[in-house]
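J.: fold the following and give me the result.
(one chain, ligands or ions: 1)
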Amino acid sequence: MTTFNDEYSLLAPGPVNLHPEVRKALALPMIHHRTPEFDVILKRILEGIRQVFQTKEDVYLLSCTGSGGMEALLVNVISPGDKILAIVSGKFGERWAEMAKTFGAEVSIINVPWGEAVKPESVADHLKRFPETRAVLCQACETSTAVAHPIKEISEIVSQYSETLFLVDAITALGAYPLPMDAWKIDGLVAGSQKAFMLPTGMAFISFSKKAQGYFDSAKCPRFYYDVRKEKKANAAGETFFSSNVAITRALDVVLNLINKQGLESLFHTIHRRAEFTRIFAQKLGFTLYAKSPSDSVTALVVPQTMDGQKIRLELEQSHNITIMGGQDQAKGKIIRVGHMGYIQDQELLKLIDNLGQVLRKFDPGSLTLEQISVVVDEGRQWLEQNP
Ligand SMILES: *Cc1c(COP(=O)(O)O)cnc(C)c1O
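T.: Residues are numbered from 1 along each chain as shown. Model (predicted):
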């Protein structure tokens with residue numbers, strides 16, 4: 001299997017296909033992070049990345065995966081014994097609730113059935129009863145179910161409480177669809193390099209509102225590597241506190257430049273268009289949508305009842321060189337998940353639909369005729385031309 005985009009498509013909800021310019025940046029000779037050459041890049045990034053967060057606050061670059069960023073959001077603002085409200089609607093919500101418990105928080109959970117979005121009223125009701133809640137945790141997009149949660153509405157509720165913070169895991173949302181941190185009064189936001197930021201795995205990006213920054217000194221969770229106060233001081237001096245992830249940071253510089261050239265709105269449109277295409281044409285093949293409030297960054301498709309999503313996913317990879325993801329836990333075998341972030345060409349979208357059709361036929365020859373598949377692909381091609 002080659003890694004070239006025209007032969008192999010990585011259509012997972014992260015990691016994603018890399019832009020050719022990003023791959024070039026990753027192949028550059030290594031430089032040291034305490035050099036004037038790197039300092040220039042770091043300075044440009046620390047300024048530029050705010051535009052993606054749509055914030056005036058500092059954004060911190062962490063050399064860890066997204067989950068490290070989730071931990072960093074917590075430990076810098078909460079203390080053992082704090083009341084936390086966690087919205088759990090899938091795997092990543094479960095993880096964040098577990099993390100908060102691990103750090104000694106008193107965690108209440110709003111359990112949302114998989115495939116559904118949380119109702120903002122349920123958050124409002126909880127906060128009315130427990131106004132001393134320190135933080136509300138929610139995924140912007142719960143990647144395991146492809147659900148987009150109503151972040152703006154929840155934020156409006158949480159922001160009415162002067163001592164409650166709204167922390168949002170936007171690892172598959174920030175950079176994929178609108179999530180303006182300042183305008184929506186989000187208190188903590190985490191993004192991940194291999195998802196909407198279109199980079200290899202290995203970095204997380206976080207930012208805190210002024211309200212959240214007010215807890216940096218009083219937060220009593222043990223923290224060392226993720227003590228953002230160290231990073232803040234180092235950044236102010238034009239450095240990172242620990243060794244910088246030079247390779248991904250340089251690639252981030254390329255991504256920010258690409259986003260800047262394209263414009264954030266246009267990038268959101270590109271991703272929305274891929275999601276729309278996938279939703280429309282996968283349904284024409286016989287799949288149905290799993291998420292009641294579907295995210296633009298990833299689509300979860302319920303596979304026909306007689307079939308196994310895990311087998312569809314494997315066959316697509318082994319015979320057609322396309323990687324998508326299956327379902328996890330209770331959705332395992334029932335759904336497949338297609339990511340819309342990263343560098344994806346129209347040709348790949350058409351190939352996906354065509355090959356998904358072929359795979360369905362392979363497992364159930366009666367499900368679709370070759371003729372039907374080619375009609376769907378032709379319609380798809382027309383749709384892409386008519387919806388630039
Ligand atoms: C991928 C993902 C994570 C975890 O990120 P890692 O980089 O695997 O640590 C957390 N939350 C969401 C919503 C994700 O999609």
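
J.: going forward, measure contacts between C-alpha atoms and count neighbours the same way
T.: Will do.

J.: the helices in the protein, which residues?
T.: Assigned by DSSP state H, the chain shows helices spanning 20-26, 36-53, 66-75, 91-102, 120-129, 151-158, 210-213, 228-236, 246-262, 264-285, 309-320, 346-363, 370-386.

J.: the ones you listed: which one's closest to the ligand?
T.: Comparison of the helices of the chain against the ligand by C-alpha to the nearest ligand atom identifies helix 66-75 as nearest, at 3.6 Å.

J.: quick one: that closest one to helix 91-102, angle?
T.: When axes from the mean of the first three to the mean of the last three C-alpha atoms, to 10 degrees is applied, the directions of helix 66-75 and helix 91-102 differ by 40 degrees.

J.: just the residues contacting helix 66-75, thanks.
T.: Where contact means C-alpha atoms under 8 Å, 6 or more residues apart in numbering, the residues beyond helix 66-75 that reach it are 62, 96, 99-100, 103, 167, 169, 171, 188-193, 202-206, 208, 219-223, 226-228.

J.: how about the contacts made by the closest residue to the ligand within the stretch 201-350 of the chain?
T.: Nearest residue of the stretch 201-350 of the chain to the ligand (C-alpha to the nearest ligand atom) works out as residue 201 at 6.5 Å. For residue 201, the contact set (C-alpha under 8 Å, 6+ apart) comprises 15, 65, 192, 193, 194.

J.: mind checking how far the third one is from residue 291?
T.: Taking C-alpha to C-alpha, to the nearest Å as the measure, residue 192 falls 22 Å from residue 291.

J.: most packed of the helices of the chain?
T.: Of the helices of the chain, the one with the most neighbours on average (mean count of other C-alpha atoms under 10 Å) is helix 66-75, at a mean of 23.

J.: could you check the angle helix 228-236 makes with it?
T.: Going by the same axes, to 10 degrees, helix 66-75 makes 110 degrees with helix 228-236.

J.: more neighbours, residue 192 and residue 291?
T.: Neighbours were counted for residue 192 and for residue 291 using other C-alpha atoms under 10 Å; residue 192 has more, 33 against 20.

J.: that one touches residue 65, doesn't it?
T.: Yes - contact criterion C-alpha atoms under 8 Å: residue 192 and residue 65 qualify, at 6.7 Å.

J.: common neighbours of those two, please.
T.: In terms of C-alpha under 8 Å, 6+ apart, residue 192 and residue 65 are both contacted by the residues 201, 203, 204.

J.: mind showing which ranges of the chain have poor pLDDT?
T.: 1-6 (pLDDT under 70).

J.: tell me how it divides into domains.
T.: 9-17+263-386, 31-261 (automatic domain parsing).

J.: contact residues of the chain facing the ligand?
T.: Within the chain, the positions near the ligand by C-alpha under 6 Å from any ligand atom are 65, 66, 67, 92, 139, 141, 142, 143, 169, 171, 172.

J.: nearest spatial neighbour of the fourth one, skipping sequence neighbours?
T.: Distances taken as C-alpha to C-alpha, 6 or more residues apart in numbering put residue 142 closest to residue 92, at 6.5 Å, once the chain neighbours are dropped.

J.: so who does residue 197 touch?
T.: Residues near residue 197 by C-alpha under 8 Å, 6+ apart: 174, 175, 191, 252, 255, 342.

J.: could you do residue 383 as well?
T.: Applying C-alpha under 8 Å, 6+ apart, we find residue 383 in contact with residue 277.

J.: kindly recompute the last result at 10 Å.
T.: Neighbouring residues of residue 383 by C-alpha atoms under 10 Å, 6 or more residues apart in numbering: 277, 280, 281, 377.
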